[in-house]
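Trainee: Need coordinates for the following:
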Amino acid sequence: RQQFEDRQKALSLLGKDLAKRARSRCELCEGSGAKLFDTSPKAEPSLDTLLLLCERCTEMNTRTDGAYWRGLDDRSVRFLEESVWSEEPIIKSTSLMLLKK
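Mentor: Numbering: from 1, shown residues only. Next up is the predicted model:
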């Protein structure tokens, strides 16, 4: 319980910096309604492992079934062509991982 509370506190301390970096928008597609996404939930929270993602991009990051990916057309993931060039390593690596799926 204490570990969870400590982690939540660490995440909240990073919130302002993360929102500033993302301009409070999804860091992959620039959509609205972005929420915290932790790419390494077992690691110490840092800006190097956290993203602000919209619901669609969160789903893309968590879905592993092939049927989901076969159902997407090229236009629905075109935004990754932009985000892959981000100067932020976590945005770039996440974009590349999604493009490989």
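Trainee: When you work out contacts or count neighbours from here on, use the C-alpha atoms and nothing else.
Mentor: Will do.
Trainee: tell me which residues in the worst-scoring helix or strand of the chain on mean pLDDT are buried?
Mentor: Least confident helix or strand of the chain, by mean pLDDT, DSSP states H and E, is helix 66-70 with a mean of 78. Along helix 66-70, not one residue counts as buried under the neighbour rule (16 or more other CA atoms under 10 Å).
Trainee: next one: stretch 41-61
Mentor: When neighbours are counted by 16+ other CA under 10 Å, the buried residues of stretch 41-61 are found to be 45, 49-54, 57-58, 61.
Trainee: model confidence over the longest helix along the chain, on average?
Mentor: Once the chain is assigned using DSSP state H, the helix that runs over the most residues is helix 2-22. With pLDDT averaged residue by residue, helix 2-22 scores 87.
Trainee: about what we covered before: so what touches the least confident helix or strand of the chain?
Mentor: Lys101 (CA atoms under 8 Å, 6 or more residues apart in numbering).
Trainee: right, and the helix or strand after that helix?
Mentor: Scanning the chain past helix 66-70 towards its C-terminal end, the next helix or strand to appear is helix 80-83 (assignment: DSSP states H and E).
Trainee: which is the next helix or strand following that following helix?
Mentor: Of the helices and strands lying after helix 80-83 in sequence (DSSP H and E), the nearest is helix 89-100.
Trainee: Model confidence for the closest residue to Pro89 other than its chain neighbours, exactly?
Mentor: Distances taken as CA to CA, 6 or more residues apart in numbering put Asp48 closest to Pro89, at 7.3 Å, once the chain neighbours are dropped. Asp48 carries a pLDDT score of 94 in this model.
Trainee: got it, and Ala34?
Mentor: 94.
Trainee: What is the neighbour count of it?
Mentor: By the criterion of other CA atoms under 10 Å, Ala34 has 21 neighbours.
Trainee: Go ahead and confirm the residue nearest to Pro89 touches Ile91.
Mentor: No. Under the criterion of CA atoms under 8 Å, Asp48 makes no contact with Ile91, lying 9.1 Å away.
Trainee: Phi, psi for the residue nearest to Pro89 please.
Mentor: According to degrees, to the nearest 10, the main-chain angles of Asp48 amount to phi -80, psi -10.
Trainee: And for Asp73?
Mentor: Backbone torsions for Asp73, taken as degrees, to the nearest 10, come to phi -100, psi 170.
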